[in-house]
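Participant: Below are the sequence and a predicted model for it; my questions follow.
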Amino acid sequence: MLKFVLLVNKQGQTRLSQYYEYVPVEERVTTEADIVRKCLSRNEESCSFMEYKNFKVVFRRYASLYFIVGVDNSENELSILEFIHNIVETFDRYFESVCELDIMFNIDRAHMMLDEMIVNGNIVETNKSRVLAPIAVLDKSNR
Amino acid sequence: MEQTARVLSQLGSKDQPSKEFQSLVRQIGEAKTKHEEDRIIKKEAALLKDKVGGRDVTKRQMREYLIRLIYCEMLGVECSWGYIHAVKFTQTGSTLDKRIGYLAASLFLHEGHELNVLLVATLQKDLKSSNMLEVSMALVSICKLVGADMIPPLLPLVQDKLLHPKQLVRKKAVMAMHRFLLLSPDSISHLEDDFRRSLSDQDPGVMEAALILFHDLIKNGPIKYKDLTESFAMILTQVIDRKLPEEFNYHGVPAPWMQMRLLRILALLGADDLRTSEKIYPVVERVIGSAECNSDIGQAISYECIKTVATIYPNNSVVSTTAKCLSRFVTSTNNDWRYLGINGLASLVQVNPKYAQEHQMVVIDCLDDPDDTLRRKTLDLLYKMTNPLNVVVITEKLIGYLRQTRDEYIRADLVSKVTQLAERFAPDNIWFIQTMNAIFELGGNLVRREVAHNLMRLIAEGTDDERTDVELRQDAVSNYIELLDKPNLPDILIKIICWVVGEYSYVLEDTDTEEILEKITRLLMRTFEDKTTTNWVVSSVTKLVARLGSMPDNVQSQVAVYLASTDTDVQQRCNELLELSQNLSMMQTVLPLDSACEDLEVDSSLSFLDDFVTQSLAQGASRYKPPHLRPAVLQRNQAPQAKEIRFEEYPMPAPPSFHRPAPLPSSPSPSPRVPRRPSEDSPLSSPTSARSQIAHSVTTAPSGSLQYAPSELSTSGIAVKTQRVWGNKGYVKEVPSVPVATPPIATTTTSPQQPVTVATREGEEGEEEGGSERSERSGESPSKPITAPSPVVASIVQPSAEEVRKRQLASQLFGGGGTLSGPARAPRQKRRGETPGKIDSRPPRRSVGRNEVKSEDASTDLLLDLQDLDFSQTTPPKQDLYHPPHAVEVKEMNFDPLIPVSSGGSAGGGGGLLGGMEIRQHQNKSPTFQGEISTPPTIPPTNSTSADLLGLSFDDMVTVPTDKQQPQPQLEPTMAVMAPHISSDISLLEPTPSTTVPEVSEPKGSLALNLLETPLTSLKVPDEYSQLPPVAGWTNKDVCQDASLRLTVTKLVSPDQLVVVLFLTNQKQASLSDVTLSLKPSSNLTAKASSGVTDLSFKTSLTGFATGVHVVTLVPSSPAPRMSLQGQVAYSDAMATNKRLFFDASLLVSDFIRPLGLSTQEYGKKWPGLSNERTLNIQSSPNTKTVAQFMDTLRSRLSLHPIQIIGQEGIAAGTFLPKIPCLVHGKVTSANLDLRVRTPSSLLTDSLAKLAEQVFK
């Protein structure tokens, strides 16, 4: 099961966070800082997985942004790593070559995409066109 | 900024954000530090607080405010004042506004938040909306916000959406159901058919969502879904055959995540189940074959296959295919892949340890890899492959890592792992003590406290060899004295040091006692986390002062400080020390050398006072009168006093506090009823204090000693609670004090001395018996492990020094992996110190509190001993014990899987692994097995099934590939806990040969099928129950079966309980041994086996086609929403392969309802008194057309007593066992049935109403 999805930049500033288990706001801040610090301390050759407390963290870096996913022990780390890439590809298709600011200005849309892809901490949709379809309709209705 | 401009121009076309929003995002983006960001966000939050609540906020503004609030919350400023606006915004008009409202609400709120209730009406409205997007967003929000209490109003609406024309909505509805499942499995248990329909939905997306739902359903109980195995396998085949639309591909791989989900589901279904696993092998092999091995996603699928294969019933050819695939991971240069390779190895070594050996050099490399995660995972792998040969090296590696890591979680994990390994595989005592010292020093606060006690006990009791003992103690004491110089020691280590140094400092000949005393006294200046530590220090000082024979001034002043301690226990000890030091010669008598293990002779008749008494009497004192003979007046005077002061039995004090009157010789003890705590609470109830007690008694009143002896005895009374014994058997056995000595270690946690006392107490009794053994064993000193030379070291022309080092390490690690050769086993055998001949002289140590079955026959006893040991979690696997009799080996294998090994590896992974290796060894020894091992390639996996089915002629042939004999490491802990009960040996089974025996001996395929259908008529309920009526639909119902065994259940209605008759039928001619049926009823049920057994575990053997009958009666202690009788049947077939079947026989409320004969008046009187009512409005169905039909259904399906029909209405009553009344009132109209259920308990009302709803729908 996925516990959270986190987008953090190299300065450790959170750009997007979704939790699939309730964590109080203050605790989120400290956990996020802690995890980012750990991610930053890993070098290029190190593997993309870490143990954090009683769960695992899978992360992947895209330019200045870290995509970090917390998962429980039953999850397949490599599949999560690829799932991160799938998220990025989806973002990319929607924003047309996505960058950090795209996500900042459209944080609501980014959340909606994640809502389509992950439900109850499970990967439910990985088909990009299906993820984007409802959002496209929403955008159209608002125009 | 260029990017910003581009983004902004893009945004312009969609939804132009306001200047304020733009500037907020810019500010956040440009913030250099966390501090700056905080400042911006706090300012923003304050600004929003003003604006959001203001008037005339347009929808567009509101939308933006909410997004800005999302920012504030995300960056750490809680804005709970804004939540309500998000909730309100969900009720607004436009779809986008709604979506933003729901999004904000789902990010701000969480399950159980008080505002969630406000959302219910909106969610209901949106679920009914004709706009697909609105329905979809409502379903998304349900997944994020709904709690169990909100399910009922939403469930019917969500259920409708399962049939929505749009796949998007159907998919989300399935996920909402998944959410309900997570919240309350009962709420949707009646919707199974709908879920199965979703699973076969024509849209792959909906089907994928249904897979998630089924994944969790199967996790909760796989038995019900075994029939779906083929379906899942077929879906998986279709996926890899690229039957899905191309848009589901990811980088050319068809629906990879769906593939992995299916593999995981199949793993759950196939675990421990040969028949199901056989359906899985082909498809898993196909997936392995089709997965690309050069892309990450392909490798992810391969890895999932490895995990699946390691979980399901092992099959030789599939496992070896998987192992080949695994080498792609471990030999890779990509660390992600290597990481998975190590993980995969860790799961495969539990199937067969040889796989780790193949990759030993890679493992060694990973151990030195700069990557922390990889190193850590490698340690996990090592932990799982530990055996007596490599334990020293592996423990060293683990401790090495422990030394450098600061992460508390990892530290706790490592400490528990090292402790487990040391307890299980320790090659000798000195090594054990050194390892444990290292652990205490590095992670003392993380160690279980009983571990410390075992350590102290080991040092105190030692072996029977004096010289070894002295060496052991010298080693320990000098180590501990060195440790005293370290500034920060964990409390638990200080306690150990104090005790060991206090007791055994004398063994070091060349050390100055005064110096040691000085060092120990200095400890008093430290501050301890645990207050009781001070007690230990003072006790140690006391002993050292006695040793030294004088009281140094600095010690005196140091101790005097504690006279004023707030802790009475410390005060007490200091007083004792100071008083004793006045009379040093007495002090030395009171605290003699090496006395921890000596027996105490308590003169409970106080004969030493005889002179004193005679003298007093002569001087005119009155005779002692027992309290009950004393005049009443006196007692009344005393009574209130006692109440006021209450010296006695305060339950509170921390374990070591020992309330004793100050033993000042000058102050007489206050009263004859001196409070005395039972000694299990007091660390000082050891020889030392007890001795001092007696010493005081000589000079003062006899009070204390009076009750001392009994309390000491009571210690042995609690013996039964043993949890763990230090697994080092040699040591355990060497204590002649057989049964009672163990438990206090587990129960008392702060007192090292006490177990010792008890042990020696017992030791005296055991002396005569144990004496002979002692002398036999005394020659066997523990020896260091002999490492076997590495069997596999590839030759490389000129290995570098580094290479050589690695190779050495590899041979140390893996040397023991394949075969455990003689030298390795030797020391363990010695330590165990027994041969079968010796064992019968006394019962096994741990058998206290159980039925002790003594047998003259040595081999039987031996088996008992094995059972005894094998079930304990800590004792080392019995492999080291005995080789000779073949029967014993088979026995071993049978019990093996009961060693709890979690796949995660937390609870003793080594056990299962070892078990596996051991069996391998047995196989190698047996010529039959060996001959067959070479054959598997020619025999496809299915052959073994047919052999199973035929059951007869093939039974003697070993067609099952070797790996099938591996015990499955997965085992539910609860089962493991239940396991020891098996040896209670109570069996109700009376195997009765079935009538079909002779005809079936021909191995014909067609006949084999018939065999499965053993006629159920042969199942006869025992006579005493044959009069009872069965529950409808529950006569001879099969609850689980495989090729050889079938479990059939009949439920019978008895007036005051539910009688469950369980039939175990052997479906083949070959007999089944050790058939163990363990039952686990829901917690609200009190179950009794007919013979009065309470542990609900039955064990027997079944001859061919025989049926065993067990009877269990169930009475609920309280109503519960869901009741069931779960359990497992474990047995070993003719191949001595362990099999396990799980079952779950559901129990309905109606099983426990009995008709209650009330008159209409009585009913009328009772009705208002029952407070919990549920009303149901059910659409009319065939069985509720008329009132009479309705009443009839109540009687037959709900076991209620129909009282009266009044026009369109009917009333009925019943008793929920033992005696909770349930009243039902129904009104039947042409279209509807209005049903009212009343009982005193809301749980009962709910469950009854739910059942009624099912019955009448």
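Facilitator: It's in.
Participant: and stretch A:108-120, anywhere near chain B?
Facilitator: Yes. Looking at stretch A:108-120 against chain B by Cβ under 8 Å from any Cβ of the partner chain, the contacts come from A:108, A:111-112, A:115, A:119-120. (Glycine included, C-beta is placed from N, CA and C.)
Participant: Kindly apply the preceding question to stretch A:68-87 instead.
Facilitator: Yes. Counting by Cβ under 8 Å from any Cβ, chain B has neighbours in stretch A:68-87: A:73-74, A:76-79, A:81-83, A:86.
Participant: Check stretch A:124-136 too.
Facilitator: Yes. For stretch A:124-136 and chain B, the contact criterion (Cβ under 8 Å from any Cβ) is met by A:124-130, A:133-134.
Participant: Filter those residues down to the buried ones, PyMOL style.
Facilitator: Buried members of the residues of stretch A:124-136 next to chain B, defined by 16 or more other Cβ atoms under 10 Å in any protein chain shown, are picked up in PyMOL with:
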select buried, chain A and resi 124+125+126+127+128+130+134
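Participant: Show me the residues of stretch A:124-136 next to chain B that map onto helices.
Facilitator: Counting by DSSP state H, the members of these that fall within helices are A:128-130, A:133-134.
Participant: farthest pair in these?
Facilitator: Checked with Cβ to Cβ, those reach their widest spread between A:Lys128 and A:Pro134, with 12.6 Å between them.
Participant: Tabulate the residues of stretch A:108-120 next to chain B (a markdown table), appending secondary structure and neighbour count.
Facilitator: Compiled in a markdown table, the residues of stretch A:108-120 next to chain B are given as follows (DSSP: H, G, I helix; E, B strand; the rest coil; neighbours: other Cβ atoms under 10 Å in any protein chain shown):
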| residue | secondary structure | neighbour count |
| --- | --- | --- |
| A:Asp108 | helix | 21 |
| A:His111 | helix | 23 |
| A:Met112 | helix | 23 |
| A:Asp115 | helix | 26 |
| A:Val119 | strand | 26 |
| A:Asn120 | coil | 19 |
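Participant: where do the helices sit along the stretch 451-600 of chain B?
Facilitator: Chain-ordered helices for the stretch 451-600 of chain B, with DSSP state H, counting those that start in this stretch as the definition, fall at B:466-483, B:491-504, B:513-522, B:533-548, B:553-561, B:568-582, B:584-590.
Participant: got the angle between the third one and helix B:553-561?
Facilitator: With axes from the mean of the first three to the mean of the last three Cα atoms, to 10 degrees applied, the angle from helix B:513-522 to helix B:553-561 works out at 30 degrees.
Participant: Also the first one?
Facilitator: Counting by the same axes, to 10 degrees, helix B:466-483 points 80 degrees away from the direction of helix B:553-561.
Participant: Give me the neighbour count for B:Lys19.
Facilitator: Burial of B:Lys19 is recorded as 8 neighbouring residues (other Cβ atoms under 10 Å in any protein chain shown).
Participant: same check, this time on the one 10 residues further on
Facilitator: Close neighbours of B:Gly29, defined as other Cβ under 10 Å, add up to 18.
Participant: on that earlier part again, could you dump the residues of stretch A:68-87 next to chain B to a markdown table with secondary structure?
Facilitator: A markdown table is the format used below for the residues of stretch A:68-87 next to chain B (DSSP: H, G, I helix; E, B strand; the rest coil):
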| residue | secondary structure |
| --- | --- |
| A:Asn73 | coil |
| A:Ser74 | coil |
| A:Asn76 | coil |
| A:Glu77 | helix |
| A:Leu78 | helix |
| A:Ser79 | helix |
| A:Leu81 | helix |
| A:Glu82 | helix |
| A:Phe83 | helix |
| A:Asn86 | helix |
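Participant: out of those residues, which are buried?
Facilitator: Using 16+ other Cβ under 10 Å, the buried ones in these are A:76-79, A:81-83, A:86.
Participant: Max pairwise distance over those residues: which two?
Facilitator: A:Glu77 and A:Asn86 (14.8 Å).
Participant: Let me see the contact set for A:Tyr19.
Facilitator: In this structure, A:Tyr19 makes contact with A:3-4, A:28, judged by Cβ atoms under 8 Å, 6 or more residues apart in numbering or on different chains.
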